[in-house]
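*Asks:* any chance you could fold what I've pasted below:
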Amino acid sequence: MSKVPSNSPQGQGKTFAAVSEQSSPNKPSRPGWLEIIVGLVVLGAIGIGGALLAGQFGLDPVVYGLVLAALSVIAPFAGFAAAALLRLRSWSTFGVRCTTARWLLIGAGAGVVAFVVRGFAAMAYTALTGDSSTPQEVYGDAGSGGALSLVLATLFIGLLVPLVEELLFRGVVTNALLRYGPFIGVVGSTLIFALAHGVNIVFAIALVFGLVSAELFRRSGSIWPGVIAHVINNLPTVFVLMLIRAA
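*Replies:* Just a heads-up that it's a prediction; the model follows:
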């Protein structure tokens, strides 16, 4: 992995943009609409298809929750892999590149801010719609079967989902849309990210986090600050849902 040289956030983002726009005669230098479409189609096919299939077996709630948690990792990673294998084989093209400790700290700070702000976004969504339900309640079921199920559910949702979602939604979607400028790149990819979570309370939460993570990617040129922020936001999820489930 190659490090993007820069002494400032602005310079780092410009360097990344400049490098990304250099093209070779035979292949594009960054993902485009083909990668976006293929990545999202594979994500939907595996995620929705797998959930529907799992629902046919009458699984125990804990097992069913763990299956869906695992699908939440498998589906976005498969989407990213399908997009990456189309034309651009270098992982650094998708933002899998080294970054500085400073940017990792910025990512951590941004994650804490997003975690606080998303709570207000969720309350605003509930106040406007009267809907406080979440399809992610099943992850609370996944963690409620004892220590092992709690560890597995937290591993899937708290650590692996942040990595694979950043690969797909920032490394592919934000990256591709940034060719149209910062506004389309950040806001457009945020809307796609939020819609992928469904129109429910998670949509509001994903809007907040998507803006933060896409901007981190735009400025740093790396997925890793966003991964750190995403982990901070996702890590308490299973435990919080278990508390809500028990209340």
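*Asks:* tell me the centre residue of the chain?
*Replies:* The central residue of the chain, meaning the one whose C-alpha is nearest the mean C-alpha position (CA atoms, centre = their mean), is residue 165 at 3.0 Å.
*Asks:* helices along the chain, start to end?
*Replies:* Taking DSSP state H as the test, the helices found in the chain are 9-21, 33-54, 61-84, 101-129, 137-142, 147-154, 161-165, 175-177, 182-183, 189-195, 201-220, 224-234, 237-246.
*Asks:* quick one: buried residues of the second one?
*Replies:* Buried residues in helix 33-54, defined by neighbour count with 16 or more other CB atoms under 10 Å: 35-36, 38-40, 42-43, 46-47, 50-51, 54. All C-beta atoms are positioned from the backbone trio N, CA, C, and that covers glycine.
*Asks:* okay, those residues in a markdown table with pLDDT next?
*Replies:* As requested, the buried residues of helix 33-54 are arranged in a markdown table below (pLDDT from 0 to 100):
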| residue | pLDDT |
| --- | --- |
| 35 | 97 |
| 36 | 98 |
| 38 | 98 |
| 39 | 98 |
| 40 | 98 |
| 42 | 98 |
| 43 | 98 |
| 46 | 98 |
| 47 | 97 |
| 50 | 97 |
| 51 | 96 |
| 54 | 95 |
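*Asks:* and for residue 218, the neighbour number?
*Replies:* Residue 218 is flanked by 21 other residues according to other CB atoms under 10 Å.
*Asks:* residue contacts, it?
*Replies:* Residue 218 makes contacts with 13, 174, 178, 182, 185-186, as judged by CB atoms under 8 Å, 6 or more residues apart in numbering.
*Asks:* and residue 225, how far from residue 183?
*Replies:* Computed as CB to CB, to the nearest Å, the residue 225 to residue 183 distance reads 20 Å.
*Asks:* more neighbours: those two, which one.
*Replies:* Taking residue 225 and residue 183 together and counting by other CB under 10 Å, residue 225 has the greater number of neighbours (31 against 10).
*Asks:* mind pulling up the pLDDT for the more buried one?
*Replies:* Reading off the confidence values, residue 225 has pLDDT 98.
*Asks:* wait, it sits on residue 110?
*Replies:* Yes. Taking contact to mean CB atoms under 8 Å, the distance of 7.3 Å between residue 225 and residue 110 places them in contact.
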